[in-house]
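[1] Give the three-dimensional model of this entry:
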Amino acid sequence: MEQNKKRMTTGTGIPVDSDQASRTTGNGYTLLSDTHLVEKLAHFDRERIPERVVHAKGAGAYGVFEVTEDVTKYTCADFLNQTGKKTEVFVRFSTVGGGRGSADSARDPRGFAVKFYTQDGNYDMVGNNTPVFFIRDAIKFPDFIHTQKKNPISNLDDPDAFWDFMSLTPESVHQCTILFTDRGTPASYRNMHGYTSHTYMWYNQNGDYCWIKLHFRTNQGVKNLTRKEATLLAGTDPDHATRDLFEHIEKGDYPSWDVYVQIMKPEEAPKYRFDPFDVTKVWSQKDYPLIKFGKMTLNRNPENYFSETEQAAFSPGNLVPGIAVSPDKMLQGRTFSYPDTHRHRLGANFDMIPVNAPKSHINTYQRDSYMNMKTYGAPNYYPNTFDGAQPDKKYALPPVDVYGMAARHEYVLSDVDYVQAGDLYGKVLSEQDKTNLVDNIVTHLGGAQKRLQLRQSAVFYKAHPEYGTRVAEGLGLDIEDVKRLAAMSQEDRVKATL
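    Prediction:
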């Protein structure tokens, strides 16, 4: 068949005679029979798909993950079964709260999602550039995100909503502290770490399992922006991080990350000083050291942003044999929510879009719906006696002891929720880091009502007295009022600041 790649056609391949003039009567009346015009306008009307609710703005790239150390005693995941083994990946970095037109330099966590195209299907590591998160139960997530978006009446940023929620949810103080350090504004996607944040399970061929957290540590060095630098970039180059990633890969300066794992034995989990499945907490690296096992390098830009980066769909529930979820309540909710939003945004067959399609063989009884691009033969049901695909029990997850009463178990707030934020402030941050942190918080919290300033300053004070004191002073609050609120229970503190 003749292929003239220079010949303009319609979407169905029909040659186009003119793309500058519609078919008309000559005196202004356009003919509906101009199918090229109709197709062009109709497709244009539908160019925009629904924007992601979160992580709307992002940049992506292809690359390779290579196993550098043997971890087969911990996991039977096929792509990790041999030192030197390489697996193709697609990575999408993103901001979280802003829309597609927002600035790359916004103070926000950064999404860090990696799709591994393994021979057992796609494994998605859907994490952030921080090791913790704001909340630990998925039922709070829609409310939390609403506070990060525009006010529904004014359509403006709403510091009252932001700090009202934070101060009513003290478990957020650890992530909130990280966010308002300069780590909240990375200099580029290449200059930040990535984390699963959640705890996952690794299991081996014998069914032995352990709990794990992954760390992707940048080889470019961590670099952040000050608030003033971030503000300047928002006005002069709002796409700076997207540009930086694309241009460095384009010129052959390929960014890379060393990949580490923390491993906890199952019998250690109930005894650990923090709930190991609480995503608002980290595991101390002194207790569970980082074990290097791989390296990820990004070496190819997408050919089309929309087809690949915009339509890339990740789910923390996409786990290959050898990897499973943990009892993390936030993670449990995400395993539903992510593929559900992809079905809404991209359609029921979003996993057939090339960037999402597995490289491995697919054999499913799912059929039809919009944009189905694969043909499966009969039968289309299971069980059957027509030599159809069969499940294989060798891929069953190891049994995990589960017990308890089915109920809405509310987490009892205790001082343990303030410990890690206090340690971060008192033991990790430099004096300059502390100064920047306090200045960033005061600038943002200063836009909220005074009662919210007092409540949140008391939360910071409970994490570390100096932390709360410096924030209160920056806001011009009476430190004695802050101390009095910090000494109260959370319930009484809320009542006192209504």
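[2] Sketch out the helices for the stretch 351-498 of the chain, chain order is fine.
    Counting by DSSP state H, counting those that start in this stretch, the stretch 351-498 of the chain has helices at residues 416-423, 431-445, 450-463, 465-475, 479-486, 490-496.
[3] Please identify the most buried of these.
    helix 450-463 (a mean of 25; mean count of other CB atoms under 10 Å). Bear in mind the C-beta positions are built from the backbone N, C-alpha and C, glycine included.
[4] And the helices of the stretch 351-498 of the chain: which comes nearest Phe165?
    helix 450-463 (9.8 Å; CB to CB).
[5] Spatially central, which residue of the chain would that be?
    Gly111 (3.8 Å; CA atoms, centre = their mean).
[6] rewinding a little: ok, which of the helices of the stretch 351-498 of the chain comes nearest Tyr74?
    Across the helices of the stretch 351-498 of the chain, closest to Tyr74 is helix 416-423 (CB to CB), at 25.8 Å.
[7] how big is the angle separating the closest one from helix 479-486?
    Interaxial angle of helix 416-423 relative to helix 479-486 (axes from the mean of the first three to the mean of the last three CA atoms, to 10 degrees): 140 degrees.
[8] Lys295: helix or strand, and which one exactly?
    If you go by DSSP states H and E, Lys295 is part of strand 291-300.
[9] still on that earlier bit, and the helix or strand where the residue nearest to the centre of the chain lies, what does it pack against?
    Assigned by DSSP H and E, Gly111 belongs to strand 110-118. If you count contacts as 3 or more CB pairs under 8 Å, 6 or more residues apart in numbering; DSSP states H and E, strand 110-118 packs onto strand 58-67, strand 86-95, strand 121-128, strand 194-195.
[10] can you put these in CSV and add mean pLDDT, distance to Val279 and mean neighbour count?
    Formatted as CSV, those follow (pLDDT from 0 to 100; distance: least, CB to CB, whole Å; neighbours: other CB atoms under 10 Å):
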stretch, mean pLDDT, distance to Val279, mean neighbour count
strand 58-67, 98, 21, 21
strand 86-95, 98, 18, 22
strand 121-128, 97, 10, 23
strand 194-195, 98, 10, 24
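[11] As a markdown table, those strands with distance to Pro302 would be great.
    Output for the helices and strands packed on strand 110-118, formatted as a markdown table (distance: least, CB to CB, whole Å):
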| stretch | distance to Pro302 |
| --- | --- |
| strand 58-67 | 6 |
| strand 86-95 | 8 |
| strand 121-128 | 17 |
| strand 194-195 | 19 |
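[12] mind checking which of those strands is nearest Gln366?
    Gln366 lies closest to strand 121-128 among these, at 14.1 Å (CB to CB).
[13] what does the very next helix or strand once past the closest one contact?
    Sequence order places helix 141-148 as the next helix or strand after strand 121-128, per DSSP H and E. With contact meaning CB atoms under 8 Å, 6 or more residues apart in numbering, helix 141-148 is reached by 53-54, 96-97, 134-135, 158, 161-162, 164-166, 169, 330, 333, 337.
[14] By neighbour count, which of these wins?
    Among these, Phe134 has the most neighbours (other CB atoms under 10 Å), with 26 neighbours.
[15] Spit out the contact partners of that one.
    144, 166, 169, 171-172, 175-176, 280.
[16] helix, strand or coil for Cys210?
    The local conformation at Cys210, judged by DSSP: H, G, I helix; E, B strand; the rest coil, is strand.
[17] buried residues in the longest helix out of those in the chain?
    Taking DSSP state H as the criterion, the chain has its longest helix at helix 329-346. For helix 329-346, burial by neighbour count (16 or more other CB atoms under 10 Å) applies to 329-335, 337-339, 341-342, 345-346.
[18] need those in a markdown table with pLDDT and distance to Thr375, can you?
    Shown next, in a markdown table, are the buried residues of helix 329-346 (pLDDT from 0 to 100; distance: CB to CB, whole Å):
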| residue | pLDDT | distance to Thr375 |
| --- | --- | --- |
| Lys329 | 93 | 40 |
| Met330 | 94 | 39 |
| Leu331 | 94 | 35 |
| Gln332 | 93 | 35 |
| Gly333 | 94 | 35 |
| Arg334 | 95 | 32 |
| Thr335 | 94 | 29 |
| Ser337 | 93 | 31 |
| Tyr338 | 94 | 27 |
| Pro339 | 93 | 23 |
| Thr341 | 94 | 27 |
| His342 | 95 | 22 |
| Arg345 | 95 | 25 |
| Leu346 | 95 | 20 |
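[19] circling back: quick one: strands adjacent to the strand holding Gly111?
    Here strand 110-118 is paired, per DSSP bridges, with strand 86-95 (antiparallel), strand 121-128 (antiparallel).
[20] Please save the CA atoms from the longest one in CSV.
    When you say that, I think you mean strand 86-95. The C-alpha atoms that make up strand 86-95 are tabulated as CSV, following Å, rounded to 0.1, in the frame of the first residue of the first chain:
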residue,chain,number,x,y,z
LYS,A,86,17.6,-4.2,33.6
THR,A,87,14.0,-3.1,33.3
GLU,A,88,12.5,-0.3,31.3
VAL,A,89,10.7,2.4,33.3
PHE,A,90,8.6,5.5,32.8
VAL,A,91,8.8,8.1,35.5
ARG,A,92,6.4,11.0,36.1
PHE,A,93,7.3,13.9,38.4
SER,A,94,4.6,16.4,39.5
THR,A,95,3.4,19.0,41.8
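[21] related to what we said a few turns ago, tabulate the helices of the stretch 351-498 of the chain (TSV), appending distance to Asp287.
    Compiled in TSV, those are given as follows (distance: least, CB to CB, whole Å):
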stretch	distance to Asp287
helix 416-423	13
helix 431-445	24
helix 450-463	21
helix 465-475	24
helix 479-486	29
helix 490-496	28
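[22] Tell me which of the ones you listed lies nearest to Arg183.
    helix 431-445 (8.9 Å).
[23] Packing partners of the closest one?
    Contact analysis of helix 431-445 by 3+ CB pairs under 8 Å, 6+ apart lists helix 159-168, helix 173-180, helix 227-236, helix 450-463, helix 465-475 as its packing neighbours.
[24] Adding distance to Asp401 and mean pLDDT, write those out as JSON lines.
    Listed next are those as JSON lines, based on distance: least, CB to CB, whole Å; pLDDT from 0 to 100:
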{"stretch": "helix 159-168", "distance to Asp401": "35", "mean pLDDT": "97"}
{"stretch": "helix 173-180", "distance to Asp401": "29", "mean pLDDT": "98"}
{"stretch": "helix 227-236", "distance to Asp401": "47", "mean pLDDT": "98"}
{"stretch": "helix 450-463", "distance to Asp401": "35", "mean pLDDT": "98"}
{"stretch": "helix 465-475", "distance to Asp401": "40", "mean pLDDT": "98"}
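[25] can you tell me which of these comes nearest to Phe314?
    Closest to Phe314 of the helices and strands packed on helix 431-445 is helix 173-180 (CB to CB; 20.4 Å).
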